[in-house]
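Asks: Give me a 3D structure for the following:
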Amino acid sequence: MGGSSGIDRAISRVVFPGIVFGRDDLARHARLARSGAGGFCLYRGSSRQIIGAVASLSKAAGRPLFFCADYEEGVWSHCPDATPLPSNMGIAASGSESLAYLKGLLTAREARALGVSWVLAPVVDLASRSDNPIINTRSFGADPRSVTRLAGAYMRGLRRGGAMSCLKHFPGHGSAASDSHLVLPRLRASARELRRRDLMPFKLLSPHADAVMAAHVLASGLSQPKTPVSLSPALGDILRDQWGFKGLILTDAINMKAVSGHFGEFDAARRALAAGADVLLVPKDPGALMSRLVAEVRWDPALATYSRRAVRLLNAVARRRLASKTPNLEALEKTRETILGRRSHRLEADRMARLCLAWKPRAPRPKIGREIAYLESGASGGEPEGEAFLGALRSLGIRIVPWRRGLRLPVVLGSFMRPRARSGLIHYGRDSLFFLRKALSEASSSLVVSFGSPFVLASLPGAGLCAFSAHAPSQRAAAEAVAGKINVSGKMPVPL
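Replies: Next comes the predicted model:
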């Protein structure tokens, strides 16, 4: 890129606005595309909404755009028309590289069918703390070698399916006790421990990754005091200088409180670019940030240097990995109809779910008869979530009555405690825990079935089964296991 006028125009490429379907105005994002945004991060949305946005924004830009999304449990995790796939921790329970590969392959195929070429996965944070409210089942487990093995297989599946990958959240978010959507977390592990454990998957997998996402976390001994790794020189020092990483480096969303609560948006953006980032993901006000970057780069030689480096790499990756033609709405409609949620994918999802179950270790196997009392806790918004589980139990001949005190029946507790951004919760509160323990201890026999965090099994008495996911295939598989129709072959991938 030659003179300052070139970088003036191109610096906006480093900004990737977020689009939340059902909330955001696409006309505004079309203006951002015309103004030079390099890509967009997509949240939620029906398949028709997503392909419509991909086609219209690409047309507005008049050039290839990156479309990325957090499709960690498959495209279904945002788009209900797609195939529900197991969580990473469910894959870890199976121990199967072939399932990890298949998850990556199906995710890539369904993402590409929508025009999304960049899957912001895999998560390679270690599930090293039971009280971490945001990693948990998103992780492949607590052992760094197992995480590396399974995440590597997942990445091979993504690549075979034609999608870009992204390791996250560097240098590892697993030893934090808080959610960076809400606060700026501090990693509890020492720098030595991070290098020995948390950094291992990133180091071993980075030669094969298209990108690495930087976490908004404080890491003693790695980052500057009061500065998250995402804005610290440690980012480029480790990834570029020490490891020779050649792919893209992007920040986690910079509208998260871990950054926005401590830094102005332009200051955070400049620090991230100086640290080595190539993509500024999901700013709160992308239009204002793009305008400020364009204005400041003319007078700030260092910013021009950082931006020139980032834009050069973005353009190189775009030439290599993005289609040269603007996505056609009609063509996307055809792939959406033939690939998204197809029957063969759903049959594979059912098979995978059966292999991604694990019993609570060192606990008795449940004694469940033909009639049970069902109790549910931890569902979002207080609404029952176990309908697929209950429906499958009924179809297998088990009669279900709502739990109430004094019933002399086996009790099955459906637990839906799982990581949710901005909730800050992953464990039951003291009052809830007291109530649940009492209800289970008074039953003739009891079973806790977790459709999320495995760690809740350690805090509740009796038998336990973990499905690691709340989607319908996992609920149906859990019902088959409870009814004794399938053998549970998985192993718990975290210590309880």
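
Asks: Per the annotation, how does this structure divide into domains?
Replies: As given by automatic domain parsing, the domain ranges for the chain are 4-339, 357-482.

Asks: and among the ones you listed, the most buried is which?
Replies: Among the domains of the chain, domain 4-339 has the highest mean neighbour count (mean count of other CB atoms under 10 Å), at a mean of 21. Where C-beta positions appear, they are placed from N, C-alpha and C, glycine not excepted.

Asks: could you dump the domains of the chain to a markdown table with distance to P493 and mean pLDDT?
Replies: Compiled in a markdown table, the domains of the chain are given as follows (distance: least, CB to CB, whole Å; pLDDT from 0 to 100):
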| stretch | distance to P493 | mean pLDDT |
| --- | --- | --- |
| domain 4-339 | 3 | 94 |
| domain 357-482 | 8 | 91 |
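
Asks: So G22 sits against R44, correct?
Replies: Yes. Counting by CB atoms under 8 Å, G22 touches R44, with 6.3 Å between them.

Asks: Nearest to D350 among the domains of the chain would be which one?
Replies: domain 357-482 (5.0 Å; CB to CB).

Asks: just how off-centre is that closest one within its chain?
Replies: In terms of CA atoms, centre = their mean, to the nearest Å, the centre of domain 357-482 is set 24 Å apart from its chain centre.

Asks: One more: stretch 192-200?
Replies: Worked out by CA atoms, centre = their mean, stretch 192-200 lies 21 Å from the chain centre.

Asks: Alpha carbons of it, as CSV, please.
Replies: C-alpha atoms of stretch 192-200 as CSV (Å, rounded to 0.1, in the frame of the first residue of the first chain):
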residue,chain,number,x,y,z
ARG,A,192,4.5,-20.2,34.5
GLU,A,193,1.3,-22.3,34.8
LEU,A,194,-0.2,-20.6,31.8
ARG,A,195,2.8,-21.5,29.7
ARG,A,196,2.8,-25.1,30.9
ARG,A,197,-1.0,-25.7,30.5
ASP,A,198,-3.3,-23.0,29.1
LEU,A,199,-1.0,-21.9,26.3
MET,A,200,-0.2,-25.4,25.1
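
Asks: Identify the residues contacting that stretch?
Replies: Stretch 192-200 has contacts (CB atoms under 8 Å, 6 or more residues apart in numbering) with 125-126, 128, 144-145, 148, 171-172, 174-175, 187, 189, 219, 221-222, 238.

Asks: try 10 Å
Replies: Stretch 192-200 is contacted by residues 124-126, 128, 142-145, 147-148, 170-175, 187, 189-191, 203, 206, 219-222, 229, 238, 243 when judged by CB atoms under 10 Å, 6 or more residues apart in numbering.

Asks: And the residue sitting nearest the centre point of the chain, its phi and psi?
Replies: By CA atoms, centre = their mean, the chain has its centre lying nearest to E72, at 4.2 Å. Main-chain dihedrals, E72, degrees, to the nearest 10: phi -70, psi -30.

Asks: quick one: contacts for it?
Replies: E72 touches 78, 85, 87-88, 103, 107, 119-123, 137-138, 154, 168, counting by CB under 10 Å, 6+ apart.

Asks: quick check, nearest of these to I249?
Replies: Using CB to CB, K168 is the member of the contacts of E72 that lies nearest I249, at 11.0 Å.

Asks: Can you tell me the SS state at the closest one?
Replies: strand (DSSP: H, G, I helix; E, B strand; the rest coil).

Asks: For it, name its beta-bridge partners.
Replies: V123 (DSSP bridges).

Asks: elements contacting the lengthiest helix in the chain?
Replies: Using DSSP state H, we find that the single longest helix of the chain is helix 301-321. Contacts defined by 3 or more CB pairs under 10 Å, 6 or more residues apart in numbering; DSSP states H and E place helix 301-321 against helix 4-10, strand 66-69, strand 248-251, helix 265-275, helix 286-297.

Asks: rerun that using 7 Å as the cut-off
Replies: Here helix 301-321 touches helix 4-10, helix 265-275, helix 286-297, going by 3 or more CB pairs under 7 Å, 6 or more residues apart in numbering; DSSP states H and E.

Asks: Nearest to M492, out of those?
Replies: helix 265-275 (37.4 Å).

Asks: how distant is that closest one from the center of its chain?
Replies: For helix 265-275, the distance to the chain centre is 24 Å (CA atoms, centre = their mean).

Asks: Output that helix in PDB with nothing but the alpha carbons.
Replies: Output of helix 265-275 as PDB, limited to C-alpha atoms (Å, rounded to 0.1, in the frame of the first residue of the first chain):
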ATOM      1  CA  GLU A 265     -13.300   2.800  22.100                       C
ATOM      2  CA  PHE A 266     -10.700   4.500  20.000                       C
ATOM      3  CA  ASP A 267      -8.000   4.100  22.700                       C
ATOM      4  CA  ALA A 268      -8.800   0.400  23.000                       C
ATOM      5  CA  ALA A 269      -8.700   0.000  19.200                       C
ATOM      6  CA  ARG A 270      -5.300   1.800  18.900                       C
ATOM      7  CA  ARG A 271      -3.900  -0.300  21.700                       C
ATOM      8  CA  ALA A 272      -5.200  -3.500  20.100                       C
ATOM      9  CA  LEU A 273      -3.600  -2.600  16.800                       C
ATOM     10  CA  ALA A 274      -0.400  -1.700  18.500                       C
ATOM     11  CA  ALA A 275      -0.500  -5.100  20.300                       C
END
